[in-house]
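Asker: With the input below, show me the fold.
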Amino acid sequence: MRQLFEDAAMATRDARSNSVTAQPAVARADALDWQLIRKDLDEQGSAMLPSVLSAKDCRALASLYPDDGLFRSRIVMARHGFGRGEYKYFSYPLPDVIEGLRTALYRRLAPVANQWNLTMGIGVRYPEEHSDFVQRCHDAGQLRPTPLLLQYGAGDYNCLHQDLYGEHVFPIQVAFLLSEPGGDFTGGEFVLTEQRPRMQSRPEVVPLRQGDGVAFAVHHRPVQGTRGSYRVNLRHGVSRLRSGQRHTLGIIFHDGN
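Answerer: Residues are numbered from 1 along each chain as shown. Predicted coordinates for the structure are as follows:
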C-alpha cells in the first residue's frame with residue numbers, strides 16, 4: 001500500500017513538472033533576434049529575451065515551488081548572508097520546458113561564449129551541444145543540476161553575486177521572470193553591476209516583464225578598450241521587494257559540485 005502511495009505521488013510530481021511543454025517556449029526563443037542579442041551581450045554583458053514564456057507557462061512553473069519532490073535542495077538566503085528570500089535547485093530529470101530551454105539556449109549562446117574566451121585569451125572552448133558540455137562537468141565530478149526557482153516576498157532581496165559552482169563554468173546564464181511587476185509585486189528589480197579596472201562600478205536595472213528572460217555574464221566578459229580588450233567582472237542580484245511575491249526561473253548551464 002505504501003508503495004502505491006509513493007508511486008501515485010511520483011506520478012503526480014511528474015505530471016506537474018511536465019505540465020509546461022518545451023516546444024512552444026523553445027520555438028519563441030529560436031524566433032528571437034539572435035544577432036541583436038549577441039550584439040547586446042558583447043556591448044553590455046546582458047541581453048533581453050522578450051516573451052519567451054507565456055503567462056500560463058509562468059504560472060505553471062511558479063506553482064512547482066511547494067513540491068519538494070522536484071528539487072534537490074532548498075536555500076534560505078538569510079542563513080548564508082545571501083540576502084532575504086529563498087530558492088530551490090531542481091533535481092534531475094528537469095521539467096520538460098527547463099530541459100528544452102537549457103538545451104536550445106546553450107546552442108545559441110555557445111558561439112558567444114567561445115568568442116569571449118578567445119578574446120580574453122582563455123583556452124577553454126565549449127562544444128556545440130549542451131549534453132556534451134554537461135558530460136564534461138560530470139566527468140569532473142560536477143554532478144548536481146543547477147537550474148533553480150527563486151521565491152521572494154515583501155522585504156526580500158538578493159545580494160550581488162556570481163553563480164560559479166565548480167571548475168567548469170559556462171560564462172553566460174539566463175533568468176526568466178515568472179511574476180508580473182506592478183501586479184504580483186512591486187520593487188524587486190533585476191540588477192547587474194560591472195566592475196571595470198580603475199573605474200567605478202557600472203549599474204544596470206533590467207526592465208523585465210512576466211515571461212521575459214535576460215541572458216547575462218556569469219563572471220567576466222571582454223570589453224574593447226583603446227589599447228585592446230580587457231576583462232570586466234559582473235555580479236547580479238535583485239533589489240528589495242516593496243510588496244507582493246516574485247518568482248524567478250534561473251537557467252545555469254554548468255552543473256555543480
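Asker: Which parts of the stretch 1-150 of the chain are strands?
Answerer: Under the criterion DSSP state E, counting those that start in this stretch, the stretch 1-150 of the chain carries strands at the ranges 46-49, 71-76, 83-84, 86-90, 148-152.
Asker: Now do the next helix-or-strand element following the last one against strand 148-152, angle only.
Answerer: Beyond strand 148-152 on the C-terminal side, the first helix or strand identified by DSSP states H and E is strand 157-161. With axes from the mean of the first three to the mean of the last three CA atoms, to 10 degrees as the criterion, the two stretches strand 157-161 and strand 148-152 enclose an angle of 130 degrees.
Asker: quick one: strands adjacent to the next helix-or-strand element following strand 157-161?
Answerer: From strand 157-161 onward toward the C-terminus, using DSSP H and E, the following helix or strand is strand 172-177. Using DSSP bridges, strand 172-177 pairs in its sheet with strand 213-217 (antiparallel), strand 246-251 (antiparallel).
Asker: Mean pLDDT for those strands - can I get that in TSV?
Answerer: As requested, the strands paired with strand 172-177 are arranged in TSV below (pLDDT from 0 to 100):
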stretch	mean pLDDT
strand 213-217	97
strand 246-251	98
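Asker: check contacts around R221.
Answerer: Counting by CB atoms under 8 Å, 6 or more residues apart in numbering, R221 makes contact with L41, G45, W116, M120, P171, R231, V232, L234. For the C-beta atoms, the positions are set from N, CA and C on the backbone; glycine is no exception.
Asker: Would you convert the strands paired with strand 172-177 into a markdown table that also reports distance to D184?
Answerer: A markdown table is the format used below for the strands paired with strand 172-177 (distance: least, CB to CB, whole Å):
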| stretch | distance to D184 |
| --- | --- |
| strand 213-217 | 17 |
| strand 246-251 | 7 |
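Asker: Model confidence for the closest residue to D42 other than its chain neighbours, exactly?
Answerer: Once its chain neighbours are removed from consideration, D42 has its nearest residue in V112; the separation is 7.4 Å (CB to CB, 6 or more residues apart in numbering). pLDDT, the model's per-residue confidence, is 98 for V112.
Asker: and V112, how far is that from V26?
Answerer: Shown here: V112 relative to V26, a distance of 18 Å by CB to CB, to the nearest Å.
Asker: the more surrounded of the two?
Answerer: More crowded of V112 and V26, by other CB atoms under 10 Å: V112, with 21 against 18.
Asker: Find the nearest non-adjacent residue to T186, please.
Answerer: Taking CB to CB, 6+ apart as the measure, T186 lies nearest to R242, with 4.3 Å between them; neighbours along the chain are not counted.
Asker: Quick check: which element contains the one you found?
Answerer: With elements delineated by DSSP H and E, R242 resides in strand 241-244, which encompasses its position.
Asker: Now do that strand: distance to the chain's middle.
Answerer: Between the mean C-alpha point of strand 241-244 and the mean C-alpha point of its chain there is a distance of 22 Å (CA atoms, centre = their mean, to the nearest Å).
Asker: Which other helices and strands does it contact?
Answerer: strand 185-187 (3 or more CB pairs under 8 Å, 6 or more residues apart in numbering; DSSP states H and E).
Asker: my guess is the residue nearest to T186 contacts A154, does it?
Answerer: Yes: proximity of R242 to A154 meets the contact threshold set by CB atoms under 8 Å, at 6.9 Å.
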